[in-house]
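Engineer: Structure, please.
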Amino acid sequence: AADMARDLGVRQLVIHGGFVPQVYFPEWYVEQSVLFWREFLRQLPPDMTIALENVMEPQPRLLVEIARQVDDPRLGLCLDIGHANTFVSRVPPGHHPGAVPGGYVYIGKSGLRPVSCVAAGTRIRSEYMTRQELTAYMESILPADRESMDAARRRQAELAKPPGSLGALEDMSIRLAGVLRTARPEVRRCRVTVLAADNGVVAEGVSCAPQSVTVQQAVNMTRHKTGMSALAAYFGDDVQVVDVGIRTPVPCPQVLDRKVRFSTGDIAVEPAMTEQQALDALAVGLDLARQAKAEGIDAVGVGEMGIGNTTTSAAVLAALTGASVEEVTGRGGGLTDRGFATKKRVLRQALALHHPDPGDPVAVLAAVGGLDIAAMTGLFLGCAHEGLAAAVDGYISIVAALCAVRLCPRVRDVLFLSHASYEIGYRLAARELGLEPCLLLGMRLGEGSGCPLLFRVMQGACAVLNHMATFPEAAIEDGYLAPIREGDAFTVDKS
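Structural biologist: Take a look at the predicted model:
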C-alpha cells in the first residue's frame, strides 16, 4: 500500500488496525506493533504520514500507547470513525464520537476532506473546536479587575515620591493588578511560548531565508542558542517551543508537537488553511494558556518562528484594517529591492484573490494568515481567559494580538507591548490597539526576543508598588504636595 501510494503521489494514509489481536492479545499487540511501525516508518519517504484507524475500541488506549512508544510525528491516529471505506464516506468529519484534532489524514468519498487525527503525545479532544465553542469561550473572558486596579492606584498615590514620577511603571503596576486580580501583583514565573510553523507563500520568493531555517531555529530555541532563548535562559524564564505547522517532522522531542497541518497553502494562489484548521490552531493556543496557568506561570511572552511570516502578518493586518500594502509591508529578515517589490506584489495578489472579511478574524486567518499567527491569537485569548499577563513581542505577535482583540475586545486588558518593532506595520497595529511599547531598541529579530526584557520591566513595576515606602512609612509629611496634586505641575511647555 505504501509503495502504491508513493507511486501515485499520495502522502497521507489511513491504515485499518486489526480487531482480534487487540481484544485477545493486547500486550503482545502493543509490543509487536511498536516494533513493526518503527521499522516501517524508517522505510517511508520523510514526507509520508500514517494514521492507524480504530473501529472497535471505544477508549483507544492501545493505539494511543502504540503511538506514544513509537514517538514519531509521522504516525498518527484516526479514532472511532468506522471502516475507512464505508462509514467515513457517509458521516461528515468532525461528527465522529471519538474525533481528535489534527491534519495528517485526508480521505472521503467526495474528495479530500479532513479526518480527525492526532500525532503521538498530542492531547486528545472529544471533537473539533467549533465556532460556537470559541464564542462561548470568549464570552467567559472577564475584564480586568477594577477593584484591584483602584486599590493599586490609591497605593501609588501614597508612595513617597512626586505624583506620577515613575511614569509608565506606575501605569503598568496598576494594569498588572487588574490582570492578576490582586492589589499587590507579583510577576514571579515567566514563560516565552514560541509558535512555529511554515508558510506556503515562501514559494513566491518573499523571503531571503530558506524554509529549512524554521525547523532549525525551532530546535535551537530548545537549546537556548537563539537570541530570545539566550535572553530567557540568562534571566531564568521558561521557553516553550510548539510546532503547529512546520512543513517537516521535527526531530526534537523538546519541541511540543501540536501540528495542525504541514505548512500552510500559498496564499497567492489558494487559502492558507481551512476554517476548521484555523479554529484548531486557535484551540492550541487556548490549551497552552490553560497549561501555563496550571503550571503557575504569571506572564506569557507570545513569540513565533516561521520563515515568511512577515508576509502573512502583513496580509492579515491589511485585511483587518483596510490599510494599503505599502502601509503594512516591511523587508522582514532582509530583502533586496527586487525581493521587496515581489513581496508587495504577492500581497496584492493574495488580498485581491481572497477578499477576506475584516469583520471575521477567523476567516481572515484561514484565507491569508499562518498557523503560527492563529495559534498566537488563541494564546492571547487564553491569557485573557486564565488571567495571565501577555507580553506582545514584535510585528507577527502584535498582529496576532490585534486578531484576538478584534475577536474579544476584553483581551486588550492583558496585553503589554514589549519593544517597538522596526517593521512599518507594527506602528499601525499599535495604534489600532491603543497601546504603546515599553522599549525603543530598534529590534527586528522576532522569536519573542522582546519578552524577557519586558518581564524585567514588569517585575520592576511590581517591586516599586509592593516594596516602596508610603509617606507615613517613610515618616514624611506630604502636605507640601497638595497644590501639585491639584493640576499638572510638571509640564514645561503647555502651549
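
Engineer: Next, count neighbours for the closest residue to Val457 other than its chain neighbours.
Structural biologist: Sequence neighbours aside, Cys438 is the residue nearest to Val457 in space, at 5.4 Å (criterion: CB to CB, 6 or more residues apart in numbering). C-beta coordinates here come from the backbone N, C-alpha and C atoms, glycine included. Cys438 has 21 neighbours, counted by other CB atoms under 10 Å.

Engineer: State the distance from Cys438 to Asp393.
Structural biologist: Distance of Cys438 to Asp393, computed by CB to CB, to the nearest Å: 12 Å.

Engineer: so what sits against both of the two?
Structural biologist: 418-419 (CB atoms under 8 Å, 6 or more residues apart in numbering).

Engineer: Backbone dihedrals for Glu327, please?
Structural biologist: phi -80, psi -20 (degrees, to the nearest 10).

Engineer: Quick one: residues in contact with stretch 352-366.
Structural biologist: The contact list for stretch 352-366 (CB under 8 Å, 6+ apart) reads 131, 134, 267-269, 271-275, 277-279, 281-282, 316, 319-322, 367-368, 373-374, 377, 403, 406-407.

Engineer: Going through the residues you listed, which ones are buried?
Structural biologist: 134, 267-268, 271-274, 277-279, 281-282, 316, 319-321, 367-368, 373-374, 377, 403, 406-407 (16 or more other CB atoms under 10 Å).

Engineer: Show me what the longest helix anywhere in the chain is packed up against.
Structural biologist: If you go by DSSP state H, the chain has its longest helix at helix 275-294. Counting contacts by 3 or more CB pairs under 8 Å, 6 or more residues apart in numbering; DSSP states H and E, helix 275-294 packs against helix 131-139, strand 190-197, strand 238-245, helix 361-368, helix 371-386.

Engineer: list the contacts for the closest residue to Glu65 other than its chain neighbours?
Structural biologist: With CB to CB, 6+ apart as the criterion, Glu65 has its nearest non-adjacent residue at 5.5 Å, and that residue is Val30. Shown in contact with Val30 (CB under 8 Å, 6+ apart): 62, 65-66, 69.

Engineer: most surrounded residue in these?
Structural biologist: Neighbour-wise, the contacts of Val30 (other CB under 10 Å) top out at Ile66, 23 neighbours.

Engineer: And it, which helix or strand is it part of?
Structural biologist: In the assignment (DSSP states H and E), Ile66 maps to helix 61-70.

Engineer: Distance from the chain centre to that helix, please.
Structural biologist: Per CA atoms, centre = their mean, to the nearest Å, the displacement of helix 61-70 from the mean C-alpha position of its chain is 27 Å.

Engineer: swap in stretch 62-80?
Structural biologist: 24 Å.

Engineer: CA-only coordinates of that stretch, as PDB, when you get a sec.
Structural biologist: C-alpha atoms of stretch 62-80 as PDB (Å, rounded to 0.1, in the frame of the first residue of the first chain):
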ATOM      1  CA  LEU A  62      -3.900   0.500  22.900                       C
ATOM      2  CA  LEU A  63      -3.500   2.700  19.800                       C
ATOM      3  CA  VAL A  64      -2.600   5.700  21.900                       C
ATOM      4  CA  GLU A  65       0.100   3.600  23.700                       C
ATOM      5  CA  ILE A  66       1.500   2.400  20.400                       C
ATOM      6  CA  ALA A  67       1.700   6.000  19.100                       C
ATOM      7  CA  ARG A  68       3.300   7.100  22.300                       C
ATOM      8  CA  GLN A  69       6.000   4.400  22.300                       C
ATOM      9  CA  VAL A  70       6.800   4.800  18.600                       C
ATOM     10  CA  ASP A  71       7.200   8.500  19.200                       C
ATOM     11  CA  ASP A  72       7.300   9.600  15.500                       C
ATOM     12  CA  PRO A  73       5.300  12.600  14.400                       C
ATOM     13  CA  ARG A  74       4.600  10.800  11.100                       C
ATOM     14  CA  LEU A  75       2.500   8.200  12.900                       C
ATOM     15  CA  GLY A  76      -1.000   9.500  14.000                       C
ATOM     16  CA  LEU A  77      -4.300   8.100  15.000                       C
ATOM     17  CA  CYS A  78      -7.700   8.200  13.200                       C
ATOM     18  CA  LEU A  79     -10.000   7.200  16.000                       C
ATOM     19  CA  ASP A  80     -13.600   5.800  16.300                       C
END
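
Engineer: A helix includes Gly359, no?
Structural biologist: No: with DSSP: H, G, I helix; E, B strand; the rest coil as the criterion, Gly359 is coil rather than part of a helix.
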